[in-house]
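Got a predicted model here, sequence first, then my questions.
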Amino acid sequence: MSASNDTTGCESAETTGHEAAVLLPANLHARPAGLLARAAGEFSSTIELEHNGKTVNPAGVLGVMALGATAGSTVTVRAAGPDAHDAVAALMEILANAE
Amino acid sequence: MSATVGIVLVSHSAELASGLRLLVEQIGSDTVPVVTAAGTDDGRIGTSYDLVLKALQDADRGAGVLILPDLGSSVLTTRTVLDDHPRADAVIADAPFVEGAVAAVVAAASGADLQAVAKSAEEARHVRKQ
């Protein structure tokens, strides 16, 4: 299961920041990376994925794969922008259900 | 939703290109038009002017076409086709074949325009394996 914790950051009228962390149930291989990249492309917020000190833009499938995130490790999703909350929720959902 | 950028895979080998198409459909999307132009007209290893020209037309959904050649005469044949049939909305990606195709299809599936899809493919140059 996903162990997610909400650490909502600053909020203003135009942009909100939001982040959450998830424990990967499976390695972040090509297929979930593809799902993640396509989902990330649907939001206007700036989104970051962080794993083991490395940060990538999840819209780039190769960057996501290059994170080398394995099952049991933690990935943090961070977003800033008008749809930050939804973006984090959508990406968390994919990460938490990766097979 | 606006049209999706089409992707053309140009290779010396029909098997190589069709295998890559299967791969990008799995990782990226089966909704992006990915058309192969691979091997000679009679199925040998090599490249075909006519197959590249036809693939360009088949991949075109109105949002432009990004062409990924594997190497050597794939690049040269593609350039010749584009010289003979110049169009602003067909671009050769200066990118590694496999990684570039994966990145391009994922970007196209997200609704990116031709310029952004090409940029995604070309960024594949910088992904290290070690």
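Everything's here; your move. Residues are numbered from 1 along each chain as shown, chains lettered A, B, ... in the order given.

check whether the longest helix seen in chain A contacts chain B.
Secondary structure of chain A per DSSP state H: the longest helix is helix A:84-96. No - Helix A:84-96 lies out of reach of chain B by CB under 8 Å from any CB of the partner chain, never closer than 12.7 Å. C-beta: built from backbone N, CA, C; applies to glycine.

and that helix, how far from the chain's centre?
When distances are taken as CA atoms, centre = their mean, to the nearest Å, helix A:84-96 is centred 6 Å away from the chain's centroid.

Give me the buried positions along that helix.
By neighbour count with 16 or more other CB atoms under 10 Å in any protein chain shown, helix A:84-96 contains the buried residues A:84, A:85, A:87, A:88, A:90, A:91, A:92, A:94, A:95, A:96.

Was I right to think the second one contacts residue A:18?
Yes - checked against CB atoms under 8 Å, the pair residue A:85 and residue A:18 is within contact range at 5.1 Å.

which neighbours do these two share?
Shared contacts of residue A:85 and residue A:18 (CB atoms under 8 Å, 6 or more residues apart in numbering or on different chains): residue A:79.

OK, contacts around the residue lying closest to residue A:90 once chain neighbours are set aside?
Sequence neighbours aside, residue A:39 is the residue nearest to residue A:90 in space, at 5.1 Å (criterion: CB to CB, 6 or more residues apart in numbering or on different chains). Going by CB under 8 Å, 6+ apart, residue A:39 touches A:58, A:90, A:91, A:94.

Could you identify the most distant pair in these?
Maximum pairwise distance in the contacts of residue A:39, criterion CB to CB, is 10.3 Å, between A:58 and A:90.

Near residue B:59, how many other residues are there?
For residue B:59, the neighbour count with other CB atoms under 10 Å in any protein chain shown is 24.

Can you name the residues bridging to the residue lying closest to it once chain neighbours are set aside?
Nearest residue to residue B:59, sequence neighbours excluded (CB to CB, 6+ apart): residue B:6, at 3.1 Å. Counting by DSSP bridges, residue B:6 forms beta bridges with residue B:65.

Isn't residue B:6 up against residue B:35?
Yes - the criterion here is CB under 8 Å, and residue B:6 meets it with residue B:35 at 6.8 Å.

where does the residue nearest to the spatial centre of chain A fall, helix, sheet strand or coil?
Nearest residue to the geometric centre of chain A (CA atoms, centre = their mean): residue A:77, 3.4 Å. Of the three states, residue A:77 takes strand according to DSSP: H, G, I helix; E, B strand; the rest coil.

Could you verify my assumption that it touches residue A:17?
No - counting by CB under 8 Å, residue A:77 stays clear of residue A:17, with 11.8 Å between them.

Strands of the chain, residue ranges please.
I'll assume chain A. A:5-6, A:16-23, A:46-51, A:54-56, A:74-81 (DSSP state E).

my bad, the chain I had in mind was chain B
B:6-11, B:34-38, B:65-69, B:90-92.

could you dump the ones you listed to a markdown table with mean neighbour count?
What follows is those, written out as a markdown table (neighbours: other CB atoms under 10 Å in any protein chain shown):
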| stretch | mean neighbour count |
| --- | --- |
| strand B:6-11 | 28 |
| strand B:34-38 | 25 |
| strand B:65-69 | 27 |
| strand B:90-92 | 19 |
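
In a markdown table: those, plus mean pLDDT.
Supplementary listing: those in a markdown table, determined by pLDDT from 0 to 100:
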| stretch | mean pLDDT |
| --- | --- |
| strand B:6-11 | 98 |
| strand B:34-38 | 98 |
| strand B:65-69 | 98 |
| strand B:90-92 | 98 |
